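No sequence on hand, only this structure:
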């Protein structure tokens, strides 16, 4: 089954220090390498900060474009993985290995099964 791992962390003013970024890149690189070697990595991407976000919202039948994320939250959607896992238990084990959060700022990983949509011709 395909699982999406939605990664959330707190954005720190000015971003994390360079050594922390290097550590996160190293740790994600290790997870990506292992999942690629096992043939279960289907996709992985990081996202730019919420300051680069644009939200399109339908309000009273009209589309409104807003700068920034849809809602104010303490944790922001930072990136994702999509892995082919045998079951939820395996997905949970992979999530435990994925780095999230910045030093001193908590983060979390939400795991969701990917819905199989019908193919559109």
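Great, that's in hand. Computed from a predicted structure; not experimentally measured.

what are the ranges of the helices in this structure?
Using DSSP state H, the helices found in the chain span residues 18-37, 88-97.

would you turn the ones you listed into TSV with distance to residue 118?
C-betas here are computed from N, CA, C, even on glycine. Formatted as TSV, those follow (distance: least, CB to CB, whole Å):
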stretch	distance to residue 118
helix 18-37	28
helix 88-97	24
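
Turn the ones you listed into JSON lines, columns for distance to residue 76 and mean neighbour count.
Output for the helices of the chain, formatted as JSON lines (distance: least, CB to CB, whole Å; neighbours: other CB atoms under 10 Å):
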{"stretch": "helix 18-37", "distance to residue 76": "15", "mean neighbour count": "13"}
{"stretch": "helix 88-97", "distance to residue 76": "18", "mean neighbour count": "14"}
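
Dump those helices into JSON lines; add mean pLDDT as well.
Converted to JSON lines, the helices of the chain look like this (pLDDT from 0 to 100):
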{"stretch": "helix 18-37", "mean pLDDT": "91"}
{"stretch": "helix 88-97", "mean pLDDT": "93"}
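
Residue 85: neighbour count?
Using other CB atoms under 10 Å, residue 85 has 20 neighbouring residues.

Give the full set of residues in contact with it.
1, 2, 3, 40, 91, 94 (CB atoms under 8 Å, 6 or more residues apart in numbering).

Residue 60: neighbour count?
5.

how about residue 51, what does it touch?
Applying CB under 8 Å, 6+ apart, we find residue 51 in contact with residue 68.

circling back to that earlier point, between the contacts of residue 85, which is closest to residue 119?
residue 2 (15.1 Å; CB to CB).
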